[in-house]
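>>> Okay, here's the prediction I keep looking at, along with the sequence it came from:
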Amino acid sequence: MTEETKTNPWAGFARGWFLLMFSDELEPGQVVPMKRFDQELVLFRTDSGEAKVLDAYCPHMGAHLGHGGKIEGEGIVCPFHAWKFDGTGKCVEIPYAKRIPPKASVACWPVLERNGMIFVWHDREKSQPDWEIPALEEWDDAEFLPWRYSKLQIKTPPLAIAENLADAGHFIPVHNTHPIPGSFSNTYTGHVGQQKIKAVAYPVHGGKDEFESTATYYGPAYQVTKMHGKGLGVIINAHTPIDDDNVMLRFGVSMKATEGMTDELIDHFIDNMRDGYLQDVQIWENKIYLDRPILCDGDGPIGEFRRWYSQFYTPRSKAADAAE
Ligand code: FES
Ligand SMILES: [Fe+2]
């Protein structure tokens, strides 16, 4: 462990909803092993279509349920000796035993499937969710084009990604995006943090886009950005820690199918969004964390952001104080 991580107040993982997969990525009967929050998990969809997340290791003799586990109805059957666990993680069947040991269960994680995404609730205190991911009206709006998805593993702690919300100074050097003076603002209310900006972008793939955007974090790791420029675009980005140094970022984008919105324009917009993100990634993968950055008057409210963000790393009983 380096000096840097020893003093890092963001060690461990935040409390909140984290995106594991887009709904389309998980068919009924499918079982997926996944490492998140430095823990082995198994994600599966039952025959009736419910997404479930359990701790991965079977309490019998330690097999990983995600490697060879099979769905049977609403439960998962361990590949080693065929013990069956239901969606709550309780062992409900042992084919060769008369009695099921009362302690035979694995931990079950709260899951929320919304807006075509599967979220899991992570909380070191193991308490139940106290808020939900809101419905996204553009998600099933027929006027919006089919969503396009991608994912990207990034070598960075999550704070670097989320802190972008408050970073007014990086738009010009990193994105060649020029904010209209005075248009950048942040608001922080409860678990919601929001950035508004008006700017002129000169994207990687050419052109000039004047736009107005509202980017909203619901909790520490799920962000929805609505951009009004030549068209109306909605971008989802959600990052989920794999371990202390790596996150998996999933990215979804759609545009309103307005008149004059050609396939070419949509591709252009999507390429710009993705490559704009990659410009940030290069910085994130190589930067270090500074507990006391030396800030200047043109920077965004980094301190305010960190106070807000600290609520997700603080015991729930003290989270409200941390957010103030
Ligand atoms: S290890 Fe899972 S049933 Fe034996
Ligand atoms: Fe950025």
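Arrived safely. Ligands and ions are numbered 1, 2, ... in the order given.
>>> Please count neighbours and contacts with C-alpha atoms only from this point.
Fine.
>>> ok, and the closest non-adjacent residue to Phe171?
Closest residue in space to Phe171, ignoring its immediate chain neighbours: Thr177 at 5.2 Å, by CA to CA, 6 or more residues apart in numbering.
>>> ok, now which ones touch the one you found?
Applying CA atoms under 8 Å, 6 or more residues apart in numbering to Thr177 gives the contacts 171, 199-203.
>>> can you rerun that using 6 Å?
Thr177 makes contact with 171, 200-201 under the criterion CA atoms under 6 Å, 6 or more residues apart in numbering.
>>> So which of those residues is the closest to ligand 1?
Taking CA to the nearest ligand atom as the measure, ligand 1 sits nearest to Phe171 out of the contacts of Thr177, at 51.2 Å.
>>> number of nearby residues for the closest one?
16 (other CA atoms under 10 Å).
>>> now swap in Glu285 and tell me
Look at Glu285: counted by other CA under 10 Å, it has 15 neighbours.
>>> That one belongs to a helix, doesn't it?
Yes: assessed by DSSP: H, G, I helix; E, B strand; the rest coil, Glu285 belongs to a helix.
>>> Looking at the contacts of Thr177, which gets the smallest pLDDT?
Taking pLDDT as the measure, those have their low point at Ala201 (91).
>>> and the residue of the stretch 151-300 of the chain nearest ligand 1?
Taking CA to the nearest ligand atom, the stretch 151-300 of the chain has Ile242 as its residue nearest ligand 1, at 24.2 Å.
>>> which element is the residue positioned nearest the centre of the chain on?
For the chain, the residue nearest the mean C-alpha position is Ala238 (2.8 Å; CA atoms, centre = their mean). Counting by DSSP states H and E, the element that carries Ala238 is strand 232-243.
>>> Would you mind giving the orientation angle of the very next helix or strand once past that strand with respect to strand 232-243?
Going down the chain from strand 232-243, the next helix or strand is strand 246-255, by DSSP H and E. Inter-element angle recorded for strand 246-255 and strand 232-243: 170 degrees (by axes from the mean of the first three to the mean of the last three CA atoms, to 10 degrees).
>>> Near ligand 1, which residues of the stretch 1-150 of the chain are found?
Contact residues, the stretch 1-150 of the chain versus ligand 1 (CA under 6 Å from any ligand atom): 58, 60-63, 78, 80-83.
>>> From those, list the buried ones, please.
Among those, those classed as buried by 16 or more other CA atoms under 10 Å are 58, 60, 63, 78, 80, 83.
>>> export those residues to TSV and tack on pLDDT, distance to Gly229 and secondary structure?
Converted to TSV, those look like this (pLDDT from 0 to 100; distance: CA to CA, whole Å; DSSP: H, G, I helix; E, B strand; the rest coil):
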residue	pLDDT	distance to Gly229	secondary structure
Cys58	98	51	coil
His60	98	56	coil
Ala63	98	52	coil
Cys78	98	51	coil
Phe80	98	55	coil
Trp83	98	55	coil
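>>> As TSV, these with distance to Asn246 would be great.
Shown next, in TSV, are these (distance: CA to CA, whole Å):
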residue	distance to Asn246
Cys58	26
His60	31
Ala63	25
Cys78	29
Phe80	30
Trp83	33
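>>> Can you tell me which of these lies closest to Ala320?
Set against Ala320, the nearest of these by CA to CA is Cys58 (37.1 Å).
>>> and the gap between that closest one and Ile302?
Applying CA to CA, to the nearest Å, the value for Cys58 to Ile302 is 43 Å.
>>> Which residues does whichever helix or strand Val32 is part of contact?
With elements taken from DSSP H and E, the one containing Val32 is strand 31-36. Applying CA under 6 Å, 6+ apart, the contact partners of strand 31-36 are 41-44, 66, 241-242.
>>> for the record, mean pLDDT for that strand?
98.
>>> Quick one: mean pLDDT over the strand holding Ala238.
pLDDT averaged over strand 232-243 gives 94.
>>> State the paired neighbours of that strand in the sheet, together with their directions.
Using DSSP bridges, the strands paired with strand 232-243 are strand 222-228 (antiparallel), strand 246-255 (antiparallel).
>>> tell me which element Asp280 is part of?
Using DSSP H and E, Asp280 falls within helix 263-286.
>>> for that helix, which positions count as buried?
266, 268-270, 272-273, 275-276, 278, 280-281, 284.
>>> Check stretch 293-312 too.
For stretch 293-312, the neighbour count (16+ other CA under 10 Å) marks 300-302, 304-306, 308-312 as buried.
>>> That stretch spans what distance, first to last residue?
The first and last residues of stretch 293-312 sit 21 Å apart, counting by CA to CA.
>>> Can you name the residues in contact with that stretch?
So stretch 293-312 is contacted by 14-15, 166-169, 319, 322-323 (CA under 6 Å, 6+ apart).
>>> Can you flag the buried ones in those?
Among the contacts of stretch 293-312, those classed as buried by 16+ other CA under 10 Å are 14-15, 166-168, 319, 322-323.
>>> Dump those residues into JSON lines; add secondary structure and pLDDT as well.
Output for the buried ones among the contacts of stretch 293-312, formatted as JSON lines (DSSP: H, G, I helix; E, B strand; the rest coil; pLDDT from 0 to 100):
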{"residue": "Ala14", "secondary structure": "coil", "pLDDT": "97"}
{"residue": "Arg15", "secondary structure": "coil", "pLDDT": "97"}
{"residue": "Ala166", "secondary structure": "helix", "pLDDT": "97"}
{"residue": "Asp167", "secondary structure": "coil", "pLDDT": "97"}
{"residue": "Ala168", "secondary structure": "helix", "pLDDT": "96"}
{"residue": "Ala319", "secondary structure": "helix", "pLDDT": "84"}
{"residue": "Ala322", "secondary structure": "helix", "pLDDT": "71"}
{"residue": "Ala323", "secondary structure": "helix", "pLDDT": "69"}
